[in-house]
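Novice: Return a 3D structure for these sequence lines:
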Amino acid sequence: MYGFERVSSSYDGGMKGDIEEGTLYPGIGFGENQLRWGFIRKVYGIISAQILLTTLVAGVTVLYAPLNEALKGSSGILLFFVFLPFLLLWPLHAYQQRHPLNFIFLGLFTASLSFPVAVSCANTDGGIVLEALILTSAVVSALTGYTFWAAKKGKDFNFLGPILFTSLVILIVTGFIQMFFPLGSASTAVLSAISAIIFSGYIVYDTDNLIKRFTYDEYIWASVTLYLDILNLFLTILRMLKQAEN
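Specialist: Alright, predicted model coming up:
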């Protein structure tokens with residue numbers, strides 16, 4: 001009898017350990033944990049498709065000279081693709097739960113963002129672009145892994161929201177000021193470093209929201225926020241590497 005109790009206790013403890021091994025954060029139920037993992041996999045699948053689309057558009061733009069020259073030679077077309085994503089944010093948010101409109105607007109949003117990224121890559125040495133891709137992948141992987149580990153340990157990053165938003169507004173205003181009153185190379189380098197820190201913070205903050213706060217119907221909006229975090233971090237690292245090269 002005592003031996004049976006020991007075997008039973010060992011089995012229960014092992015099963016509990018197996019369940020808790022993939023627990024996202026303390027206090028979440030087993031069923032909720034499984035549903036949340038499914039939601040997370042869905043969001044990262046969409047983000048992977050967005051990154052693949054951006055890579056394809058950038059590759060075609062860089063390799064197909066007429067398209068590249070048309071984008072670089074016409075500031076009006078380039079400005080159109082710069083502002084189009086902002087216009088698409090409203091229908092994307094309004095129809096995020098309406099299939100297939102949500103994926104149609106998501107595809108348009110991703111494609112429109114891909115063209116300015118493609119122009120940035122076309123105007124940069126290929127080695128620098130590859131280095132920026134590797135660094136961005138390393139930073140995103142490290143920050144994502146840390147956030148999942150920290151959430152499992154009971155840490156919460158919701159407090160970063162107001163700090164990051166305020167920092168982003170200051171960064172945008174500074175960018176507009178710089179258009180009319182250009183800063184020196186040292187100030188620009190510092191500004192780029194601050195930008196990288198802000199977008200790294202957003203990756204942690206939005207990943208934490210993905211784990212705990214986004215509802216299951218918000219998979220499109222969760223994908224958009226993390227995709228923008230990754231894209232902005234890549235462009236910031238690319239700009240820093242170009243400045244260092246120059």
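
Novice: How about the host helix or strand of residue 187, which residues are buried there?
Specialist: Assignment of secondary structure by DSSP states H and E places residue 187 within helix 185-212. Taking 16 or more other CB atoms under 10 Å as the basis for neighbour counts, the residues of helix 185-212 that come out buried are 191-192, 195-196, 198-211. (Glycine included, C-beta is placed from N, CA and C.)

Novice: just stretch 151-165 next, same as before
Specialist: Taking 16+ other CB under 10 Å as the basis for neighbour counts, the residues of stretch 151-165 that come out buried are 151-152, 157, 160, 164.

Novice: Then stretch 30-37?
Specialist: Under the neighbour-count criterion of 16+ other CB under 10 Å, stretch 30-37 has 33, 36 buried.

Novice: got the residue ranges for the strands in the chain?
Specialist: Assignment of strands within the chain using DSSP state E yields no ranges at all.

Novice: which ones are touching the closest residue to residue 158 other than its chain neighbours?
Specialist: By the measure of CB to CB, 6 or more residues apart in numbering, the closest residue to residue 158 outside its immediate chain neighbours is residue 208, 6.9 Å from it. Under the criterion of CB atoms under 8 Å, 6 or more residues apart in numbering, the contact partners of residue 208 comprise 147, 150-151, 156-158.

Novice: Between these, which sits nearest residue 65?
Specialist: Using CB to CB, residue 147 comes nearest to residue 65 of those, at 41.4 Å.

Novice: Please give the centre-to-centre distance between the longest helix along the chain and its chain.
Specialist: In terms of residue count, the longest helix belonging to the chain (DSSP state H) is helix 30-63. Mean C-alpha position of helix 30-63 versus that of the full chain (CA atoms, centre = their mean, to the nearest Å) differs by 10 Å.

Novice: List the buried residues of that helix.
Specialist: Counting neighbours by 16+ other CB under 10 Å, one finds that the buried residues in helix 30-63 are 33, 36, 39-40, 43, 46-47, 49-51, 53-54, 57-58, 61-62.

Novice: Let me know the pLDDT of the residue lying closest to residue 40 once chain neighbours are set aside.
Specialist: The shortest distance from residue 40 to any residue other than its chain neighbours is 6.1 Å, reached at residue 210 (CB to CB, 6+ apart). In the prediction, the pLDDT value recorded for residue 210 is 95.

Novice: what's stretch 219-226 in contact with?
Specialist: Taking contacts as CB under 8 Å, 6+ apart, the residues outside stretch 219-226 that touch it are 39, 42-43, 46-47, 50, 92-93, 96-97, 102-103, 106, 109, 202-203, 206-207, 209-210, 214.

Novice: and it, average pLDDT?
Specialist: Stretch 219-226 shows an average pLDDT of 94 in the prediction.

Novice: Just the C-alpha atoms of that stretch, please, in CSV.
Specialist: Included here for stretch 219-226 are C-alpha records, laid out as CSV according to Å, rounded to 0.1, in the frame of the first residue of the first chain:
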residue,chain,number,x,y,z
TYR,A,219,-4.7,37.9,-33.4
ILE,A,220,-4.5,40.3,-36.3
TRP,A,221,-3.8,43.3,-34.1
ALA,A,222,-1.3,41.4,-32.0
SER,A,223,0.5,40.4,-35.2
VAL,A,224,0.5,44.0,-36.5
THR,A,225,2.0,45.4,-33.3
LEU,A,226,4.8,42.8,-33.1
